[in-house]
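Asker: build the 3D model from these lines:
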Amino acid sequence: MSALRQAHISDHRTIVTCVQRWWGDSRTPEQARELSLLLPRLFLQFFSGTSLVLEEDGDIQGFLVGFHSADNDREAYVHFVGVDPRLRGRGLARTLYAAFFRRAAEAGRTEVRAITSPANSGSIAFHRAMGFALEPGDREIDGLPVHSDYDGPGQDRVCFRKDLVTGDR
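Answerer: Predicted coordinates:
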């Protein structure tokens, strides 16, 4: 049985290792290492209170790194989520998101935002299933609204927004 807990700065090395291992089946080792660079230590140094870990017997099964906006007291943001590929399809990501939604709402946040690559069809489908709406972009790719150069030149993103006021937490 998985236990949900707040992330700790001491989880950083393990989470980075998980990203490199868990995405190793769909990326080259270099690409998986690059992906892990999206999780510098500062996220757990400054946002461990809003980040979550699912573990069993000390082994991380999944994690969610997210935070509450410092500039907009209505918003929270999910930065990165990972689930061990052997455990996908069991609702672990849903558990992590639901806990994040609940904690964000308890902190007075009324909306959650997230982004993904237009090529990440699994992430897009998951976010839509979790009740996220697609935000309008400046162009479309395969019928999806896309924000061009969102994360820099050539780094297009699909942006999501979920309203927490509806009670769907």
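Asker: what about the strands in the protein?
Answerer: In the chain, the strands defined using DSSP state E lie at 3-6, 52-56, 59-68, 75-83, 111-116, 133-134, 139-141, 144-146, 158-163.
Asker: would you check how far apart residue 109 and residue 79 are?
Answerer: Distance from residue 109 to residue 79, counting by CB to CB, to the nearest Å: 15 Å. C-beta: built from backbone N, CA, C; applies to glycine.
Asker: which residues of the chain fall in helices?
Answerer: Per DSSP state H, the chain carries helices over the ranges 12-22, 29-36, 42-47, 92-106, 121-129.
Asker: that older thread, columns mean pLDDT on top of the strands of the chain, output as JSON lines?
Answerer: Below are these laid out as JSON lines (pLDDT from 0 to 100):
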{"stretch": "strand 3-6", "mean pLDDT": "97"}
{"stretch": "strand 52-56", "mean pLDDT": "97"}
{"stretch": "strand 59-68", "mean pLDDT": "98"}
{"stretch": "strand 75-83", "mean pLDDT": "97"}
{"stretch": "strand 111-116", "mean pLDDT": "98"}
{"stretch": "strand 133-134", "mean pLDDT": "98"}
{"stretch": "strand 139-141", "mean pLDDT": "95"}
{"stretch": "strand 144-146", "mean pLDDT": "97"}
{"stretch": "strand 158-163", "mean pLDDT": "98"}
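Asker: nearest to residue 46, of those strands?
Answerer: strand 59-68 (7.8 Å; CB to CB).
Asker: for the closest one, packing partners?
Answerer: helix 12-22, helix 42-47, strand 52-56, strand 75-83, helix 92-106 (3 or more CB pairs under 8 Å, 6 or more residues apart in numbering; DSSP states H and E).
Asker: for the first one, list every residue counted as buried.
Answerer: Buried positions in helix 12-22, judged by neighbour count with 16 or more other CB atoms under 10 Å: 12, 15, 16, 18, 19, 20, 22.
Asker: need the contact list for the closest residue to residue 5 other than its chain neighbours.
Answerer: In this structure, residue 5 finds its nearest non-sequential neighbour in residue 53, 5.5 Å apart by CB to CB, 6 or more residues apart in numbering. Contacts for residue 53 (CB atoms under 8 Å, 6 or more residues apart in numbering) come out as 4, 5, 6, 7, 8, 11, 15, 60, 62, 63.
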